[in-house]
Every structure is written in C-alpha cells, then in structure tokens.
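Asks: Pasted the sequence and its predicted model underneath.
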Amino acid sequence: MNAPVSRLLDALQARSPRERRMILLAMLVVAGALLVWLTEWTLAEHRRLATQLPTAQAQLVQMQADAAELSRLQTLPAPATTPTEALLGAASAAASSRGLKVSIERSGHLLQAEGSGGFAALVDWLATLQAEQRLRAAQVSMETRGDTIHFRIALSPQ
C-alpha cells in the first residue's frame, strides 16, 4: 500500500508548482461534489424512510397480532364432525329459508343437492353451508331458465 502512495507523491513532486495547485484544486472540486451528492442522497433516503416507517410499523403490529391469533387457534381442538344426517337437515333448512327448492341426498361421502331458485339465494346458501356447516361445493352445474337457476351441486365436508 505504501509503494503506490509513494509513487503518486513522487509523480506529484515531479510536476511544476502550478500543475500541483491545479491537481489539488481538481481533487478538492471532485471531493466537494462527492460530499454534496452524498449529503443529498442521505437526505433523500431519510425522507423516504420517514414516510415508510409508519407503514412498516403498522404491518409489524398486524403480523404480531396474526401470529398471536394463529398460536391461539393452534391450541384449540379440531371441531367435531357433524353427522351426515344432521348436515342433511341443516342444509335443507338453510335452503328452504332462502326460498330454494332443493332435494338433498347422501352419496358416499358427498351430499348431492339438486334444485332451483334465485342466483343470489343460491350463492348465499352455499356461503352459509361453508361457513356454518363446513360443507363446500366440490362440483357445481347450473342452467338458467328465465330468472331461475336450476342446479346440481356435490357438497363435500371439509
């Protein structure tokens, strides 16, 4: 490391005093420009971080809350499975309360529902079955006839 510095100093000493002053002045200008650039970059990064920090803190708090909720849910026992007969009754009652005409039969581990009614009522019924009875639509076929939807749905326990 000492050899390159001594060669640089020797080369600088070989220059005339005027050239040495010009080289030093150029070095000062470059160093000043670097200092200004570094200062501007630092201030811009400070402003950027100042605006992003509250968002990052809010995300951290949300992630901590989600982690605590996940830990709590992992300690809960798995929900008991509802007997198929009770699921049949609950699904039929939920359908009739929404004005759907449905016949539901057990087919192996699936429930086969066939019927007709309004689309909004059908979607609400399926959402309720999934949320409350843990039944999801495994296969759906629909046909429209005027304002009425005729459907066949295979419901699977989750």
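Replies: Cool, got the structure.

Asks: Any idea how far stretch 97-116 is from the middle of the chain?
Replies: Between the centre of stretch 97-116 and the centre of its chain there are 35 Å (C-alpha atoms, centre = their mean, to the nearest Å).

Asks: try stretch 108-121
Replies: 32 Å.

Asks: now do the same end-to-end measure for it.
Replies: One end of stretch 108-121 sits 27 Å from the other (C-alpha to C-alpha, to the nearest Å).

Asks: In that stretch, which residues are buried?
Replies: 110, 111, 113, 115, 117 (16 or more other C-beta atoms under 10 Å). To be clear about C-beta, it is placed using only N, CA and C from the backbone, and glycine gets the same treatment.

Asks: In strands, which of those residues appear?
Replies: Taking DSSP state E, the ones among these that sit in strands are 110, 111, 113, 115, 117.

Asks: Which elements pack onto the helix or strand bottoming out on mean pLDDT in the chain?
Replies: Least confident element among the helices and strands of the chain, by mean pLDDT, DSSP states H and E: helix 84-97 (a mean of 85). Contact analysis of helix 84-97 by 3 or more C-beta pairs under 8 Å, 6 or more residues apart in numbering; DSSP states H and E lists strand 101-107, strand 110-117, helix 119-128 as its packing neighbours.

Asks: make it 6 Å
Replies: strand 101-107, helix 119-128 (3 or more C-beta pairs under 6 Å, 6 or more residues apart in numbering; DSSP states H and E).

Asks: Tell me where this structure has helices.
Replies: Here the chain has its helices, by DSSP state H, at 2-13, 17-75, 84-97, 119-128.

Asks: The shortest one - what's its average pLDDT?
Replies: When you say that, I think you mean helix 119-128. In this model, helix 119-128 has a mean pLDDT of 92.

Asks: angle of it against strand 110-117?
Replies: For helix 119-128 against strand 110-117, the angle by axes from the mean of the first three to the mean of the last three C-alpha atoms, to 10 degrees is 160 degrees.

Asks: now the third one
Replies: Taking the same axes, to 10 degrees, helix 84-97 and strand 110-117 form an angle of 10 degrees between their directions.

Asks: Show me what counts as buried in helix 84-97.
Replies: Buried, per 16+ other C-beta under 10 Å, within helix 84-97: 87, 88, 90, 91, 92, 94, 95.

Asks: And the contacts of it?
Replies: Residues outside helix 84-97 that contact it (C-beta atoms under 6 Å, 6 or more residues apart in numbering): 102, 104, 106, 125, 128, 129, 133.
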